[in-house]
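J.: Mind folding the following:
(chains A and B)
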Amino acid sequence: MDESKENDSPQLRPGLWATVNERYPGSMITKSDFVPLARLKKPLSESRLTFISTAGVQPKNSLPFDTVHPVGDYTFRRVPSKSKPEDLEIHQLKYPTVGAEKDLNVIFPIERFQELAKEKIIGSLSPNFFSFIGYNMNPEMLEEKLAEDIAEAVKAEGSDIALLAPA
Amino acid sequence: MSLQYLKEAVSGSDTEKLIRYVRLHFGDGNEAAGKQEIDKAWIEALKLLLDVPATDREFILNILAEKDAATLAHLFFHLHFYFVERSGEWIHDGRV
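T.: Below you'll find the model as predicted:
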């Protein structure tokens, strides 16, 4: 990227990703057995959508995500898709939450999904959305426990589409 | 994988790799900041004890006797962030 383009979209921490493997040796997942994305079997307006986020969003009064553990937290929280932003809070340490504290939708666009479902652009929303924190330094546990646990929960709610969003 | 890296460091008594990992965690990827954060937590804890206030030693000794080492290690990490937050100098982007 040339300098002018870089200045157009400045990173909060320049060079962050360039050194991630040096700072957290081996923590980045490298896979050769990618699973192809599934094709949508029916129109969006007839499909049930779920949302999966690493934003650390959770219902107030639920057990806070473990942001202090040196190896990470391999649990997830169900976030009722009917929730209002004021019913929710964020527990995480690794991304700026200033904007999200003012309007949760910038990181967890729950009201936008509710609007899209009401307008029937999306068929419906799954009863729950799913949230976890991205600080997980054990890739095997991330893939074999957390991801599997979330996948089972998503499947149980009959979702046709899972929208994944990193924080 | 990262845990393998750390476990090899434990096996090889490579303490520098281990403490570096802790500093990176406490400093959100900045080792120098993490070192300062460790100092900050200890200074805050020390300040609270300078006047020798009454403390609940019975509670402390019971916890140390009753809880497993992993739980206490987890508590140790919680205490770090507790004292850093109490210091009023919070460098992290989010919250615990």
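J.: Mind jotting down where the helices sit in chain B?
T.: B:2-11, B:15-26, B:31-49, B:57-66, B:69-87 (DSSP state H).
J.: Please identify the deepest-packed of those helices.
T.: Here the criterion is mean neighbour count by mean count of other CB atoms under 10 Å in any protein chain shown, and of the helices of chain B the winner is helix B:15-26, at a mean of 17. Where you see a C-beta, it was placed from the backbone N, CA and C, and this is true even at glycine.
J.: Can you show me the helices along chain A?
T.: Under DSSP H, chain A gives helices at A:3-8, A:20-23, A:98-102, A:110-118, A:139-141, A:148-156.
J.: want to throw these into TSV with mean pLDDT, distance to residue B:78 and mean neighbour count?
T.: TSV is the format used below for the helices of chain A (pLDDT from 0 to 100; distance: least, CB to CB, whole Å; neighbours: other CB atoms under 10 Å in any protein chain shown):
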stretch	mean pLDDT	distance to residue B:78	mean neighbour count
helix A:3-8	45	39	8
helix A:20-23	62	23	12
helix A:98-102	89	23	13
helix A:110-118	98	29	15
helix A:139-141	84	20	14
helix A:148-156	95	24	14
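J.: could you dump the ones you listed to a markdown table with distance to chain B?
T.: A markdown table is the format used below for those (distance: least, CB to the nearest CB, whole Å):
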| stretch | distance to chain B |
| --- | --- |
| helix A:3-8 | 20 |
| helix A:20-23 | 5 |
| helix A:98-102 | 8 |
| helix A:110-118 | 18 |
| helix A:139-141 | 6 |
| helix A:148-156 | 18 |
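J.: Between the ones you listed, which one is closest to residue A:83.
T.: When the helices of chain A are compared by CB to CB, helix A:110-118 sits nearest residue A:83, at 6.1 Å.
J.: wait, which of the helices of chain A is closest to residue A:72?
T.: Among the helices of chain A, helix A:139-141 sits nearest to residue A:72 (CB to CB), with 7.8 Å.
J.: Counting by contacts, list what the closest one packs against.
T.: With contacts defined as 3 or more CB pairs under 8 Å, 6 or more residues apart in numbering or on different chains; DSSP states H and E, helix A:139-141 has no packing partner among the helices and strands.
J.: could you redo the last one with a cut-off of 10 Å?
T.: helix B:2-11 (3 or more CB pairs under 10 Å, 6 or more residues apart in numbering or on different chains; DSSP states H and E).
J.: Just the C-alphas of the helix it packs on, formatted as PDB.
T.: Extracted in PDB, the C-alpha atoms of helix B:2-11 (Å, rounded to 0.1, in the frame of the first residue of the first chain):
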ATOM      1  CA  SER B   2       1.800 -20.900  21.000                       C
ATOM      2  CA  LEU B   3       1.100 -23.200  23.900                       C
ATOM      3  CA  GLN B   4       3.700 -25.600  22.600                       C
ATOM      4  CA  TYR B   5       6.100 -22.700  22.400                       C
ATOM      5  CA  LEU B   6       5.400 -21.800  26.100                       C
ATOM      6  CA  LYS B   7       5.500 -25.400  27.200                       C
ATOM      7  CA  GLU B   8       8.900 -25.900  25.600                       C
ATOM      8  CA  ALA B   9      10.000 -22.700  27.400                       C
ATOM      9  CA  VAL B  10       8.800 -24.300  30.700                       C
ATOM     10  CA  SER B  11      10.700 -27.500  29.900                       C
END
